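Colleague: have a look at this prediction, sequence included:
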Amino acid sequence: MSTTPFNNPHSPLSLPYLSWPQLDRELWEASCAIRSTNSDGYVYASAWAVSRQNVIVRAVSLWLGFLDRNGDLDPRAHPAHRPTKALIQKFIDEARARGCAGYTVPSYVWQTYSYLKAV
């Protein structure tokens, strides 16, 4: 995979994990610690390999960085209440404009969706 400013996890476009809203970090850490499925029958992050957890953290860091840059990050809101169709499309458009490869953009969206289902 080629590295572009958008898909580089160390890019200022990403919101570093320690800068995530407290609720996001707490929910993610709980999901990584729980050893069962949630009420929707979806597997918590604890069932995933650490490498997959790391991929998801990078994708969510990009999503949260995007929200923050655009003034749409409400740190008090539950993570699952933030995405809208319009925001997701804007996230996709920005990633493509920054030169992300064709499969990279859907991957970011899917990894972020996985995070939202797990928390």
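Modeller: That came through, no problem. Residues are numbered from 1 along each chain as shown.
Colleague: okay, CA-based contacts and neighbour counts for the rest of this
Modeller: Will do.
Colleague: and the next element down the chain from the longest helix along the chain?
Modeller: In terms of residue count, the longest helix belonging to the chain (DSSP state H) is helix 50-69. Proceeding C-terminally, helix 50-69 gives way to helix 85-97 as the next helix or strand, assigned by DSSP states H and E.
Colleague: so what touches whichever helix or strand comes after that next one?
Modeller: Under the assignment DSSP H and E, the closest C-terminal helix or strand after helix 85-97 is helix 104-118. Outside of helix 104-118, the residues that reach it under the criterion Cα atoms under 8 Å, 6 or more residues apart in numbering are 28, 31, 38, 42-45, 55-56, 59-60, 63, 79-80, 88, 92, 95-96.
Colleague: same thing but 7 Å
Modeller: Under the criterion Cα atoms under 7 Å, 6 or more residues apart in numbering, residues 31, 42-45, 56, 59-60, 79-80, 92, 95 lie in contact with helix 104-118.
Colleague: also stretch 60-78?
Modeller: By Cα under 7 Å, 6+ apart, the surrounding residues in contact with stretch 60-78 are 13-17, 21, 91, 112.
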